[in-house]
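Peer 1: sequence first, predicted coordinates after that:
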Amino acid sequence: MQKEILGCTKCRLAESRTQAVPGVGPQNTQLVIIGEAPGRQEDLQGEPFVGAAGQLLTKMLENAGIKRETVFITNTVKCRPPENRQPFADEREACYPYLLRQLDLIQPKVIALVGRVPAETILETTIRMGTMHGKTMERLGRTYFVMFHPAAGLYNQNLVPDMEADMHVLKRLLDEGTAFGPEKSQQDLSRFF
């Protein structure tokens, strides 16, 4: 599938990218992290979360006791949108089958949706990050955990304590053997779907 993603021309982003960014990490992992889209550094290096936001993500993972090399990291959209704008709906739709196939192959215990774009794309609803971050939910047989995007912490340092707390909850979810731990929100899903 990586070769297919690297050669994809299903949307306009193929015209301006340096390279597609399929994702990186082991396929036998318990955790998949899904971000929004590659940025400039990711487009150049072909790996997700390698810029400043990626460095913050790596630091927060390590602080929570999660090694980055044990996690599969990818994005909702596999190519960089021009000027790092948010991906358009048709661009997300073009990449969505790739994302679903990645999740089917990996079968992770928990999928962290990092930011509004992946959360809204996967959960198929409009969300408010201020109320959704730190929530665990199950949908279509998969367990999701919604988190702020690390870039949000770069722009607003006041979010960093919440982001760090969410990362520790994520670690507990992985350690418990079940995704539904102390931050259950399954009963709240009717508000979001």
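Peer 2: Here it is on my side, so go on. Numbers count the residues shown, from 1 in each chain.
Peer 1: what's the local residue count around residue 154?
Peer 2: Using other C-beta atoms under 10 Å, residue 154 has 15 other residues around it. (Each C-beta comes from the backbone N, C-alpha and C, glycine too.)
Peer 1: that one: what's it in contact with?
Peer 2: Taking C-beta atoms under 8 Å, 6 or more residues apart in numbering, we find residue 154 in contact with 52-53, 56.
Peer 1: against residue 54, how distant is it?
Peer 2: According to C-beta to C-beta, to the nearest Å, residue 154 and residue 54 sit 11 Å apart.
Peer 1: show me where the chain has helices.
Peer 2: Counting by DSSP state H, one finds helices in the chain at the ranges 2-6, 13-16, 40-45, 52-63, 89-106, 116-123, 129-132, 150-155, 160-176.
Peer 1: output the contacting helices and strands for the fifth one.
Peer 2: Helices and strands touching helix 89-106, as assessed by 3 or more C-beta pairs under 8 Å, 6 or more residues apart in numbering; DSSP states H and E, comprise strand 31-35, strand 72-75, helix 116-123.
Peer 1: can we see that at 7 Å?
Peer 2: Counting contacts by 3 or more C-beta pairs under 7 Å, 6 or more residues apart in numbering; DSSP states H and E, helix 89-106 is packed against strand 72-75.
Peer 1: what residues does the strand it packs on touch?
Peer 2: With contacts defined as C-beta atoms under 7 Å, 6 or more residues apart in numbering, strand 72-75 is touched by 21-27, 29, 32-38, 48-49, 99, 102, 106.
Peer 1: can you select the buried ones from those residues in ChimeraX?
Peer 2: With 16 or more other C-beta atoms under 10 Å as the criterion, this ChimeraX line picks the buried residues out of the contacts of strand 72-75:
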select :21,22,23,24,25,29,32,33,34,35,36,37,38,48,49,99,102,106
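Peer 1: so who does the spatially most central residue of the chain touch?
Peer 2: The centre of the chain sits closest to residue 34, judged by C-alpha atoms, centre = their mean, with a distance of 1.6 Å. Counting by C-beta under 7 Å, 6+ apart, residue 34 touches 74-76, 111-114, 118.
Peer 1: what's the end-to-end length of stretch 23-37?
Peer 2: Stretch 23-37 has an end-to-end distance of 11 Å (criterion: C-alpha to C-alpha, to the nearest Å).
Peer 1: chain center to it, what's the gap?
Peer 2: Averaging C-alpha positions (C-alpha atoms, centre = their mean, to the nearest Å) puts stretch 23-37 8 Å from its chain's average.
Peer 1: quick check: residue 80 vs residue 41, distance?
Peer 2: Separation of residue 80 from residue 41 (C-beta to C-beta) stands at 10 Å.
Peer 1: okay, those two: which has more neighbours?
Peer 2: The residue with more neighbours, out of residue 80 and residue 41 and counting by other C-beta under 10 Å, is residue 80; that gives 25 against 17.
Peer 1: ok, that one to residue 71 distance?
Peer 2: Residue 80 sits 21 Å away from residue 71, going by C-beta to C-beta.
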